[in-house]
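Participant: quick one: sequence and predicted model below, then my questions.
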Amino acid sequence: MDVLLGLQWGDEGKGKIVDVLAPEYEIVARFQGGPNAGHTLEFDGFKHVLHQIPSGIFRPQILNIIGNGVVLDPIVLKKEIDGLGKYSIDYMKNLVISKKATIIIPTHKLLDAALETSKGDKKIGSTLKGIGPTYQDKIGRAALRVGDILSPDFREKYDILVEKHKTTLSFYNHPLDALAEMESQFFTAVEFFKTLNLIDSEYVVNDALSANKRILAEGAQGSLLDVDFGSYPYVTSSSTMAAGACTGLGVSPSKIGEVFGIFKAYCTRVGSGPFPTELFDATGEAMRKEGKEFGSTTGRPRRCGWLDLPALRYSIMINGVTQLFMMKGDVLNIFEEIKICTNYELPTGERIDRLSFEITDMEVKPIYKVMKGWHCSLADVHSYEEFPAELREYVHYLETELKVPIKLVSVGPDRTQTILR
Ligand code: GDP
Ligand code: IMO
Ligand code: MG
């Protein structure tokens, strides 16, 4: 099983690359996260954003698995499946869902909003899809799982959980006006959900591996949003790293082959939290405009900045990345000079290149290496050899610094705008 995951703060272009690589696999499987993800695919003039459905869904021969590590909103899933209508996808055949995945219920979304409001200016900038409260219930051994919807006492279990949530919501004085309408949508979606292919996905995954079938595990979010290693508490609530693919699918670490680490040629972040190389000037604004950096799930403008090598090295280390994929190289076309952060300078003047525990709460100054930009269009570039010399130098410098080969460079959002080395 190979794993593909984001090395930054999400939105690196995972959806595009899973779709590009999918024909080399028999199975694509999501292992964590939920509707907070927004994975964009572009092909044949279509642009489509997936939230919970794996990005292999547009390849008819691929089995797509939503694994046990995912938190799943039935309302969002129904909308997503309805949205696939125009592509004539046989989702009964090529989409299966783990009975051990956790269900997001309406009060999880209200709790998400209540908790964010209570944090004031310390808010996380959550997508408010109910992710944190749902994982909290999972770990707290109180959650509902996909298999539960088939049980005759599902409604009873649901009511017990909602009563508990209402106590907390009342503590936060959070209004419940929207709940009745949300519940009506939820139970309609649950009826639809029952008709889908609900399975014990860990058997399907391991049987496939025993039969030497190839599986690509698709990560959501990014390593710097990981609940253990991200910029806590400004993180998501799941394990976004390679190890998460093992627990989120029921696969032994010994079965992991390649770990594809995907990064943008610069950095973006949505929501709050530290971002050492963030640009607040016209350069950052130009990056956002050129990269169309607005959230795929929430539409929020993404914060933009130069590439951060200490952060990238950290993500490569904790994931054991074996191949790097560099995305959105074309967005840097507009710059005459390109900067890369090589170190951080602490308030004491000391220079470091590690993401220590203390660094989250510190104002660090990025130290940059400046490189000459290629400053031209990459529209007609179809191979690495045709890259402008400055872009080749950029790639070469990164490979040398990161000590992992960059095997793929993406130069546009379409499936075809992908250059393999
Ligand atoms: P994901 O969450 O990692 O799947 O990434 P998103 O879909 O949230 O955000 C990536 C955005 O960049 C999407 O709008 C993609 O269509 C777009 N994109 C992906 N690769 C490239 C690229 O190489 N160049 C440009 N310009 N856009 C890209
Ligand atoms: P994909 O898979 C970018 C961010 C949110 C917020 C923090 C916590 O498309 O890369 P949550 O809703 O999980 O409670 O939010 O994490 N976040 C993402 N940022 N891409 C994502 O997913 C994200 N999923 C969550 O903005 O800062
Ligand atoms: Mg995204």
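Facilitator: Yep, it's here. Ligands and ions are numbered 1, 2, ... in the order given.

Participant: what does the chain put close to ligand 3?
Facilitator: For the chain, the contact set with ligand 3 under CB under 5 Å from the ion comprises 11, 38, 296. (Glycine included, C-beta is placed from N, CA and C.)

Participant: with adjacent residues omitted, what lies nearest to the second one?
Facilitator: With sequence-adjacent residues excluded and distances taken as CB to CB, 6 or more residues apart in numbering, G38 is closest to S296, at 2.8 Å.

Participant: separation between the one you found and ligand 1?
Facilitator: 4 Å (CB to the nearest ligand atom, to the nearest Å).

Participant: in the stretch 1-150 of the chain, what residue lies closest to ligand 2?
Facilitator: Closest approach between the stretch 1-150 of the chain and ligand 2, counting by CB to the nearest ligand atom: G10, at 2.5 Å.

Participant: give me every residue that touches that residue.
Facilitator: G10 makes contacts with 37, 220-222, 225, 269-270, as judged by CB atoms under 8 Å, 6 or more residues apart in numbering.

Participant: just the buried members of these?
Facilitator: For the contacts of G10, a burial check counting by 16 or more other CB atoms under 10 Å picks out 37, 220-222, 225, 269-270.

Participant: got a list of contacts for the longest helix along the chain?
Facilitator: Scanning the chain for the helix with the most residues, using DSSP state H, yields helix 154-171. The contact list for helix 154-171 (CB under 8 Å, 6+ apart) reads 105, 107-108, 110-111, 114, 133, 137, 142-144, 148, 151, 176, 190.

Participant: what do you get if the cut-off is 7 Å, keeping everything else the same?
Facilitator: Helix 154-171 is touched from outside by 105, 107, 110-111, 114, 142, 144, 148, 176, with contacts defined as CB atoms under 7 Å, 6 or more residues apart in numbering.

Participant: any idea how many residues pack against the closest residue in space to A265 that isn't next to it in sequence?
Facilitator: Leaving out its chain neighbours, the residue that sits closest to A265 by CB to CB, 6+ apart is G329, at 4.9 Å. Neighbour count of G329, defined by other CB atoms under 10 Å: 23.

Participant: so what's G329 up against?
Facilitator: Listed by CB under 7 Å, 6+ apart, the contact partners of G329 are 265, 378, 391, 409-411.

Participant: now N94
Facilitator: 57, 60, 62-64.

Participant: which of the residues you listed count as buried?
Facilitator: By neighbour count, with 16+ other CB under 10 Å, the contacts of N94 hold 57, 62-64 as buried.

Participant: for those residues, which two are the farthest from each other?
Facilitator: Within the buried ones among the contacts of N94, two members stand farthest from each other by CB to CB: I57 and L63, at 10.1 Å.

Participant: what's the closest non-adjacent residue to the residue of the stretch 51-200 of the chain found nearest ligand 3?
Facilitator: Residue nearest to ligand 3 within the stretch 51-200 of the chain: H51 (9.0 Å; CB to the ion). Leaving aside its chain neighbours, H51 sits nearest to P35 (4.5 Å; criterion: CB to CB, 6+ apart).

Participant: then S252?
Facilitator: Closest to S252 by CB to CB, 6+ apart is C246, at 6.7 Å.

Participant: secondary structure class of that neighbour, three-state.
Facilitator: Following DSSP: H, G, I helix; E, B strand; the rest coil, the label given to C246 is helix.

Participant: how near is it to A180?
Facilitator: If you measure C246 against A180 using CB to CB, to the nearest Å, the figure is 40 Å.

Participant: more neighbours: which of the two?
Facilitator: C246 (21 against 9).

Participant: my guess is that one contacts P253. True?
Facilitator: Yes. Counting by CB atoms under 7 Å, C246 does reach P253; the two are 5.3 Å apart.
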